[in-house]
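# requesting a structural model of the entry that follows:
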Amino acid sequence: MKEIEVFWYTLIVLCTIYSLVNWRRGIYLGIAIDFLRDPIRKLSPNQPVYITLSGAAFWGMLVLSILLTQPRMINQMTGAYPRLRIASRLVFLAVIPAATMSFISYSGGLKLAIIGGASYIFPLLGIAAGYGMVNSEKQVFSILRWYIFVNGLALISVPLEYWKVITTAVGGINYHWIRYSATDTIDLMSGWYRSPDIMGLHAAHVIMFAMLLAVRSRTETQLSWLAMALWAAFCVLLSGRRKMIGIPMVFLATYVLLGTSQRVGRITRLLGFFCGAVVCAIAIIFILWDVDEYVEYTDFAGTLFTHGIDRGSELMVGHTYGTIQSTSIFGAGLGTGTQGMYHFSASGERPRTWQEDGISRLFLEFGVPGVIILICAAYQMLRVFRRALKNVLPGSREQLVQLALLSVVAGDAASYAISHQQFSGDPVNGLFVTLIAGMALALTKQTNIRPVPLS
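Sure, this is the predicted structure:
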């Protein structure tokens, strides 16, 4: 084991111990660790996958600490949202037979079941942890500000990689990522992150969080948050990943639709900020970026609108049909479609998988009966979110924040439907989305909701 690996694992142990004592500060350590593990892994000679997984281990202990230090929190949450308990039970009902199939079908089936199960159960625990993490919108903004600060600095590596200013710890791990578009060959930037997908995902979150802070902030600080959103948007463009470019757009559309349905008068403010930011971004691109360089990226980004629907249909419909044909209606078992599963099973025994989108992945791992159960669980979760929207105080700051957080979840869910790898390959990414969902539910704590019968 190299010195940098010893340093990293020692740091993880120390941060974990500290977080078990003070999990509120541990949240901020976790966001920093989420970024640092990628450049540390790149700097390690062997680039072991366990450096990436160590971040998941830290967050697992952090979530455990949040849940154990608030023993009544689960009852409080399920009392306010009874359907959340039903949704959780349905997820476990789908996971158990899928895990059993992997266990009995493959020599490394136990590892497959554990890794695959973590990508479903771990995020589910994130909803409870997110609910226990915050009690007010001020605490939510404190976490989002730190996320923007850490990843805003990390994104400096993206243009530096593009202009070849730095070459250490930048670029994908073991891959040079490129994209063919018409006659163009587009280099996809990763920066200090381990892939363009991961960089684009974090940059998309920075855009959404910065837009939310701009809406909430006073006039003198709005420009700084809008500048941060523009900075992150530039990096998303350099990622060359349409699914990441689409996340903020789904976020905006969901925010406007939810705000309109809730009759929120200030909902057009975010739309105005977004349109203004787009105009500024276009102006900056024309002024500061050479036309021969930016046109490749902007043209490809434009295919999100010209080819996005056809591509999404091909993935979610065509691949789903092909998956059922090749694995039967009962699927291939839990973990078989999870990113990185090749580390834990022999190549000769695992099924041939190609499922990039999240929908066909679910059919691969759970089969048709399991997917039907998961659809029922998703329906119950939608009922939970609907109740949360009704229970927050109308016209309050909490309402605007809750709408934005649920819109972030919608954006990430759309990205998962198109491509699951950035979530299934790293439970931390899936966990963070469900932490956001839990925070949205927690914003109704101030309204002293009384449990009511299911309707």
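# and Tyr180, that's in a strand?
Yes - applying DSSP: H, G, I helix; E, B strand; the rest coil, one finds Tyr180 inside a strand.
# is it in a bridge, and if so with what?
Beta bridges link Tyr180 to Thr185, judged by DSSP bridges.
# elements contacting the strand or helix carrying Gly116?
Secondary structure from DSSP states H and E places Gly116 in helix 109-133. Secondary-structure packing of helix 109-133 (3 or more CB pairs under 8 Å, 6 or more residues apart in numbering; DSSP states H and E): helix 49-68, helix 73-80, helix 82-105, helix 427-442. In this view, the C-beta of every residue, glycine as well, is placed from N, C-alpha and C.
# can you pull the buried residues of it?
Of all the residues in helix 109-133, those buried under the rule 16 or more other CB atoms under 10 Å are 109, 111-133.
# ok, back up a step: so which of the helices and strands packed on helix 109-133 is the most packed in?
Among the helices and strands packed on helix 109-133, helix 427-442 has the highest mean neighbour count (mean count of other CB atoms under 10 Å), at a mean of 25.
# rounded mean pLDDT for it, please.
In this model, helix 427-442 carries a mean pLDDT of 92.
# helix or strand for Glu398, which one?
Using DSSP H and E, Glu398 maps to helix 397-418.
# which other helices and strands does that helix contact?
helix 137-154, helix 196-216, helix 242-261, helix 308-313, helix 358-391, helix 421-424, helix 427-442.
# least confident of those, on average?
Averaged per stretch, pLDDT over the helices and strands packed on helix 397-418 is lowest on helix 308-313, reaching a mean of 62.
# grab the nearest non-local neighbour of Met244.
Gly200 (3.1 Å; CB to CB, 6 or more residues apart in numbering).
# low pLDDT regions in the stretch 151-300 of the chain?
For the stretch 151-300 of the chain, the stretches with pLDDT under 70 are 181-183, 218-220, 265-271, 273-274, 277-279, 281-300.
# again, only using 50
Counting by pLDDT under 50, the stretch 151-300 of the chain has no low-confidence residues at all.
# quick revisit: export the helices and strands packed on helix 109-133 as JSON lines, with columns for distance to Trp163.
What follows is the helices and strands packed on helix 109-133, written out as JSON lines (distance: least, CB to CB, whole Å):
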{"stretch": "helix 49-68", "distance to Trp163": "27"}
{"stretch": "helix 73-80", "distance to Trp163": "48"}
{"stretch": "helix 82-105", "distance to Trp163": "45"}
{"stretch": "helix 427-442", "distance to Trp163": "28"}
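# figure out which of these is closest to Arg386.
helix 82-105 (9.4 Å; CB to CB).
# residue contacts, Gly116?
Going by CB atoms under 8 Å, 6 or more residues apart in numbering, Gly116 touches 98-99, 102, 333-338, 341, 365.
# go again with 6 Å.
Counting by CB atoms under 6 Å, 6 or more residues apart in numbering, Gly116 makes contact with 334-335, 338.
# buried ones only from those, please, as a PyMOL command.
Command for PyMOL, covering only those of those found buried under the criterion 16+ other CB under 10 Å:
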select buried, resi 334+335+338
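# between the contacts of Gly116, which is nearest Glu137?
Nearest to Glu137 among these, with distances taken as CB to CB, is Thr338, at 34.9 Å.
# doesn't the closest one fall inside a strand?
No - applying three-state DSSP, one finds Thr338 to be coil, outside a strand.
# isn't it right up against Asp426?
No - shown here, Thr338 and Asp426 do not form a contact pair, counting by CB atoms under 6 Å, at 10.3 Å.
# phi, psi of Asp187?
Dihedral pair for Asp187: phi -80, psi 130, per degrees, to the nearest 10.
# which residue packs closest to it, ignoring adjacent ones?
Using CB to CB, 6+ apart, the nearest residue to Asp187 is Ile178, at 5.8 Å.
# now Leu403
Excluding its sequence neighbours, the residue lying closest to Leu403 (CB to CB, 6+ apart) is Leu258, at 5.0 Å.
# what's the separation between the one you found and Leu389?
Separation of Leu258 from Leu389 (CB to CB, to the nearest Å) stands at 7 Å.
# what sits in contact with each of those two?
Joint contacts of Leu258 and Leu389 (CB under 6 Å, 6+ apart) do not exist.
# show me what contacts Met439?
Here Met439 is in contact with 130, 134, 140, 405 (CB under 6 Å, 6+ apart).
# turn the residues you listed into a markdown table, columns for distance to Gly152.
Converted to a markdown table, the contacts of Met439 look like this (distance: CB to CB, whole Å):
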| residue | distance to Gly152 |
| --- | --- |
| Gly130 | 22 |
| Val134 | 22 |
| Val140 | 18 |
| Leu405 | 19 |
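# so which of the residues you listed is the closest to Gly246?
Out of the contacts of Met439, the member with the shortest distance to Gly246 (by CB to CB) is Leu405, at 18.5 Å.
# what's the neighbour count on the residue lying closest to Ala214 once chain neighbours are set aside?
Setting aside the residues directly before and after it, Ala214 is nearest to Trp225 in space (CB to CB, 6+ apart), at 3.9 Å. Residues lying near Trp225 (other CB atoms under 10 Å) number 21.
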